[in-house]
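Trainee: Build me a structure from this.
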Amino acid sequence: MWKEYLKIAIKNLRTRQLRSWLTIFGIVIGVFLIMSLLSLSQGLKSTVLQQLKAVGTDIVMIMPGNISDIMTTMMGGVELTEEDLNVIRKTPGVEVVIPNVYKGEVVKYQEQSKLAILAGMDFKNALSVYTEDLGMKIEEGRWPTPEKREVIVGSLVSTDIFPGLKINTQTTIKGKQFEIVGILKSMGSKQDDSMIAMDLEIYRSITGERKGAPQAIAKIALGYSVDQVSKKIKANLEEQAKRRAGQQGESSYSVLTSDAMSGIVGSIMGIIQVVVFVFGGIAVAVGGIGIMNTMYTSVRERTKEIGILKAVGAKNSTIVLIFLMESGIIGLVGGLGGMIPGLGLARLIQAVGQVHPVFYIEASITPGIVLFGLLFSFGVGCLSGFFPARSASKLKPVEALRYE
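Mentor: Predicted structure coming up:
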């Protein structure tokens, strides 16, 4: 019986092919937007969270300003002072503090001069933190020797910035020569993979930035609670800021554990996904209105046919089912038609991102996303066809047969 109903539904759609395809196209656009953007946003979320998971759980990041207004803080150039860094170092439970310092500088390599990200790293006191807690690994060569003019470069430096760059060669920075002793494995972001890192003290001497840092990373000693030490760091910094001579008002600081950073990223990406779904859903809703309009038109055109079906014993539920099948097929075909190019676009953007990366984003194409797209479009089709189907089922056989 269901097979016969399906044949009737498909036959009716094929009879009105142009109208059916135009209606399907309305669903295609919405599903295309949802699938492409949802796949990319999920992939971005997974990529960022994967990077954060590489950071040890005993690591905290400290920065000036409130995390809720961090963009204003960063654009305003607010930094941790040397006094702030000393306060962090003296907090019980802090094993080591690493100033996170970087600057854009012109670097010369084999007659080529290009702008690169110069970073200062504390190889003497914190090399184990970089390797064990921050996930930095050597691809080729070795780590620089503390207090020597040696540098290590990110993976993109040897492929994009200075193609063909090799270790045990020389580069010139701020008029001074440095030996390139190592190349890092990819860290997963363009900024990290484009940096040229040197000993912290040498960095400070050649850049002139001898105090403070935009952010700092602290490793919590074994046996201490990360959350409790984080709260103590924040309290000590704010207390010190109040005592600081000439301080106007109160200064705020953000002290983030790896779990807190993962939670913030997850929340932000969740909001982005909701926004993506809402905008795509609006497009699908417009397509749903198109399905409803098509089905109402179909009911009017097939009034006599409905009368014949009811006259030979078709129940109201049978009429509803036939029309729901038609609208469901329109939604399902539209979903499939939007999903294939949508996920294809996501894969294309992933491929482009691998060549010119900001983040090494992967389009997340899972069975769950595919199933969601199909069920969602089918559900929209059925929902849009419900009221026309119910309207058709309420027609009286005698009046339907006399309809012209």
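
Trainee: hey, let's count contacts and neighbours off CA atoms from now on
Mentor: Will do.

Trainee: Name the residues of stretch 308-315 that are buried.
Mentor: Neighbour-count burial for stretch 308-315, counted by 16 or more other CA atoms under 10 Å, picks out I308, L309, K310.

Trainee: So if we follow the domain assignment, how does this protein break up?
Mentor: Domain assignment for the chain by automatic domain parsing gives 2-52+262-401, 66-241.

Trainee: Could you count how many residues lie near the closest residue to V97 other than its chain neighbours?
Mentor: Leaving out its chain neighbours, the residue that sits closest to V97 by CA to CA, 6 or more residues apart in numbering is A218, at 4.4 Å. Neighbourhood size, A218 [other CA atoms under 10 Å]: 25.

Trainee: my read: A218 touches L85, true?
Mentor: No - taking contacts as CA atoms under 8 Å, A218 lies outside contact range of L85: 9.8 Å.

Trainee: Would you verify that P388 is located in a strand?
Mentor: No - P388: not assigned to a strand; according to DSSP: H, G, I helix; E, B strand; the rest coil it is helix.

Trainee: Report the spatially nearest residue to it, omitting neighbours in sequence.
Mentor: Excluding its sequence neighbours, the residue lying closest to P388 (CA to CA, 6+ apart) is Y296, at 5.2 Å.

Trainee: Kindly provide the distance from that neighbour to R390.
Mentor: Distance, Y296 to R390, using CA to CA, to the nearest Å: 10 Å.

Trainee: now L222
Mentor: Using CA to CA, L222 is found at 68 Å from R390.

Trainee: V274 now?
Mentor: V274 sits 32 Å away from R390, going by CA to CA.

Trainee: Would you state the strands of the stretch 1-150 of the chain in chain order?
Mentor: Remark: strands assigned in the stretch 1-150 of the chain by DSSP state E, counting those that start in this stretch are 59-64, 94-109, 112-121, 138-141, 150-153.

Trainee: Now render the domains of the chain as a markdown table, adding distance to Y253.
Mentor: What follows is the domains of the chain, written out as a markdown table (distance: least, CA to CA, whole Å):
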| stretch | distance to Y253 |
| --- | --- |
| domain 2-52+262-401 | 16 |
| domain 66-241 | 6 |
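
Trainee: Where among those is average confidence lowest?
Mentor: Of all these, mean pLDDT reaches its minimum on domain 2-52+262-401 (a mean of 75).

Trainee: re the thing from before, of all the domains of the chain, which one comes closest to D58?
Mentor: Across the domains of the chain, the minimum distance to D58, taken as CA to CA, is reached by domain 66-241, at 5.3 Å.

Trainee: Show me what the residue lying closest to D58 once chain neighbours are set aside is bridged to.
Mentor: Spatial nearest neighbour of D58, chain neighbours left out: I220 (5.3 Å); criterion: CA to CA, 6+ apart. Taking DSSP bridges as the rule, I220 bridges to V94.

Trainee: thinking I220 is in contact with I59, fair?
Mentor: Yes - assessed by CA under 8 Å, I220 is found in contact with I59 at 6.3 Å.

Trainee: so what's in contact with the two at the same time?
Mentor: V226 (CA atoms under 8 Å, 6 or more residues apart in numbering).

Trainee: Tell me which of the domains of the chain sits most buried.
Mentor: Among these, ranked by average contacts under mean count of other CA atoms under 10 Å, first place goes to domain 2-52+262-401 (a mean of 19).

Trainee: which strands and helices sit next to the helix or strand harbouring the residue nearest to P388?
Mentor: For Y296, the element it lies in under DSSP states H and E is helix 258-301. When contacts are defined as 3 or more CA pairs under 8 Å, 6 or more residues apart in numbering; DSSP states H and E, helix 258-301 packs onto helix 17-53, helix 316-355, helix 367-393.

Trainee: Go again with 6 Å.
Mentor: Judged by 3 or more CA pairs under 6 Å, 6 or more residues apart in numbering; DSSP states H and E, helix 258-301 is in contact with helix 17-53, helix 367-393.

Trainee: Measure how the first one sits relative to helix 367-393, angle-wise.
Mentor: With axes from the mean of the first three to the mean of the last three CA atoms, to 10 degrees applied, the angle from helix 17-53 to helix 367-393 works out at 150 degrees.

Trainee: quick check: angle from helix 17-53 to helix 258-301?
Mentor: With the same axes, to 10 degrees as the basis, helix 17-53 and helix 258-301 are set at 170 degrees to each other.

Trainee: list the helices and strands helix 17-53 packs on?
Mentor: Against helix 17-53 (3+ CA pairs under 6 Å, 6+ apart) you get helix 258-301, helix 316-355.

Trainee: of those helices, which approaches E105 most closely?
Mentor: With CA to CA as the measure, helix 316-355 is the member of the helices and strands packed on helix 17-53 nearest E105 (23.7 Å).
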